[in-house]
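1. model the following, please.
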Amino acid sequence: MNNLSGNRNPSSRAETLETAQEAVWKGAFGHEYTNRNTYEPAALDELYRKNYGLTRKELNESFLRGIAKEASFLEVGCNAGNQLLLLQQMGWANLSGLELQPYALEIARSRLPHASLKMGSALTLPYPDSSFDVVFTCGVLIHIAPTDLPRVIDEIHRVSREYIWGSEYYSPEFTEVSYRNHSRLLWKMDYARLFLDRFPDLELVREQRLPYLENQNVDTSFLLRKKRQSV
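-> Modelled structure (predicted):
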């Protein structure tokens, strides 16, 4: 099993250095992931139906009801753009994405010519404070080393104007999982609780556990909102 070395964490956003995990995802390992996991919306829905018994579109409709079609979205770690493509099909047009891997970003740009897609790291989001109505991840936080995770969720909180939306592997306790014969590439935990414990201004709008139909794993989707300040 490959054991990735520890991370180097600079103190300021301008000085971000590449982590061991980022190096892996930017290389051949990340390319292979993209090739395995590039889906059109119908195929993505079918994957979700097989895993959980409901489609990704149904999950989106449940969590995003009441969010205007004019709302701005940022996906942190958009990869080839699967989730953004589905949101576009559902009627949201103000879409942005950030992706670390050049190969995945090239594919995303070809599929989403009207979205604003940038290359960059979740450790240093290249956007001003409160830039987006909804900032979200899908299977991204699980690949952030625990030592780097506070910085990433700080950045997500910083650029969100109102909502933080996540879909991640779930465990009630911090758990590292071997991922394709690599250590230090995947961790399960209660990510919604991590945000809520760190930021008193957040409240939980909705959370749904998603047990897999064919094994004992559980995912979670959660929607958090910044509390409105009383005048």
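
2. if I've got this straight, T34 is in a helix?
-> Yes: the assignment for T34 (DSSP: H, G, I helix; E, B strand; the rest coil) places it in a helix.

3. enumerate every residue touching L125.
-> L74, V76, L98, E155, I156, R158, V159 (CB atoms under 8 Å, 6 or more residues apart in numbering). C-beta: built from backbone N, CA, C; applies to glycine.

4. identify those among those that sit within helices.
-> E155, I156, R158, V159 (DSSP state H).

5. coming back round to it: filter the contacts of L125 down to the buried ones.
-> L74, V76, L98, E155, I156, V159 (16 or more other CB atoms under 10 Å).

6. redo these as a markdown table? Include pLDDT and distance to H31.
-> Below are those laid out as a markdown table (pLDDT from 0 to 100; distance: CB to CB, whole Å):
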| residue | pLDDT | distance to H31 |
| --- | --- | --- |
| L74 | 99 | 24 |
| V76 | 98 | 20 |
| L98 | 98 | 18 |
| E155 | 98 | 25 |
| I156 | 98 | 25 |
| V159 | 98 | 27 |
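
7. from the residues you listed, which is closest to N217?
-> V76 (22.6 Å; CB to CB).

8. name the nearest of the ones in helices among the contacts of L125 relative to R206.
-> For the ones in helices among the contacts of L125, the nearest to R206 is I156 (17.6 Å; CB to CB).

9. ok, back up a step: tell me the one of the ones in helices among the contacts of L125 nearest L47?
-> I156 (24.8 Å).

10. so P211 makes contact with V218?
-> Yes: if you go by CB atoms under 8 Å, P211 and V218 touch, sitting 5.1 Å apart.

11. picking up where we left off before, with distance to F195 added, can I get the ones in helices among the contacts of L125 in CSV?
-> Listed next are the ones in helices among the contacts of L125 as CSV, based on distance: CB to CB, whole Å:
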residue, distance to F195
E155, 12
I156, 8
R158, 12
V159, 14
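
12. shaky segments in the protein?
-> 1-16, 229-231 (pLDDT under 70).

13. is the residue nearest the centre of it bridged to anything, and to what?
-> By CA atoms, centre = their mean, the chain has its centre lying nearest to T137, at 1.6 Å. Beta-bridge partners for T137, by DSSP bridges, are G166.

14. so who does it touch?
-> Going by CB under 8 Å, 6+ apart, the list of residues near T137 reads E75, V76, G77, I156, W165, G166, S167, E168.

15. between the contacts of L125, which is closest to H143?
-> Distances from H143 to the contacts of L125, taken by CB to CB, are shortest for V76, at 11.5 Å.

16. these two touch, right, that closest one and G139?
-> No: if you go by CB under 8 Å, V76 and G139 don't touch, sitting 11.1 Å apart.

17. thinking again about what came up before, export the contacts of T137 to TSV and tack on distance to K118?
-> Shown next, in TSV, are those (distance: CB to CB, whole Å):
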residue	distance to K118
E75	11
V76	11
G77	12
I156	15
W165	19
G166	20
S167	21
E168	22
